[in-house]
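Chemist: 3D model of this:
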Amino acid sequence: MNTVFLPIILGTDINAYGVARSFHQAYGIKSIALGKQALPFTQNSKIVEVFTFKDFDKQDVFSNKMVEIAEKYKNTGKKLLLISCSDGYTSLITENRDLLEKYYLFNYVPLELQRQLENKKDFYENLRKV
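Modeler: Alright, predicted model coming up:
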């Protein structure tokens with residue numbers, strides 16, 4: 001099946017494999033998984049191509065590698081659909097929102113709201129306001 005998007009999954013663990021498997025079952029496509037190390041769940045899979053980068057969980061490495069990956073796949077004609085499989089990668093997405101929005105499609109809350117929702121005290125205060 002030909003799709004208009006390419007899943008770019010952040011993480012190489014069983015969560016990332018589950019996301020890749022869902023895309024493969026639904027659309028017959030191979031996803032891209034990015035992480036700081038290869039893990040058994042994804043490293044030998046035929047449904048996901050894994051790229052690992054030393055210190056990928058660090059701000060400067062993450063932002064540089066995300067631009068490199070976007071440049072690598074920009075000529076595919078597909079929209080790059082960015083999906084996080086961990087809180088750490090979600091934080092990196094929100095912290096780099098302005099940069100990543102130029103290359104990827106994603107749906108994550110702004111950084112300030114994320115910080116409020118991650119903090120239990122602020123989370124419950126926000127619930128009371130609703």
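
Chemist: CA only for contacts and neighbour counts going forward, please
Modeler: Fine.

Chemist: pLDDT weak spots in the protein?
Modeler: Residue ranges of the chain with pLDDT under 70: 1.

Chemist: in this structure, which spans are strands?
Modeler: In the chain, the strands defined using DSSP state E lie at 5-10, 31-35, 48-52, 79-84, 104-105.

Chemist: note down every partner strand of the fourth one and its orientation.
Modeler: Okay, so that is strand 79-84. Strand 79-84 sits in its sheet next to strand 5-10 (parallel), strand 104-105 (parallel), going by DSSP bridges.

Chemist: now the second one
Modeler: In the sheet, strand 31-35 lines up against strand 5-10 (parallel), strand 48-52 (parallel) (DSSP bridges).

Chemist: need the contact partners of stretch 113-127.
Modeler: Applying Cα atoms under 8 Å, 6 or more residues apart in numbering, the contact partners of stretch 113-127 are 91, 94.

Chemist: for that stretch, what is the distance to the chain centroid?
Modeler: Remark: stretch 113-127 is offset 22 Å from the chain centroid, using Cα atoms, centre = their mean, to the nearest Å.

Chemist: what is the end-to-end distance of that stretch?
Modeler: Stretch 113-127 has an end-to-end distance of 13 Å (Cα to Cα, to the nearest Å).

Chemist: please identify the buried residues of it?
Modeler: 114, 117 (16 or more other Cα atoms under 10 Å).

Chemist: how about JSON lines for the strands paired with strand 31-35, with mean neighbour count and distance to residue 33 added?
Modeler: Output for those, formatted as JSON lines (neighbours: other Cα atoms under 10 Å; distance: least, Cα to Cα, whole Å):
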{"stretch": "strand 5-10", "mean neighbour count": "22", "distance to residue 33": "5"}
{"stretch": "strand 48-52", "mean neighbour count": "20", "distance to residue 33": "5"}
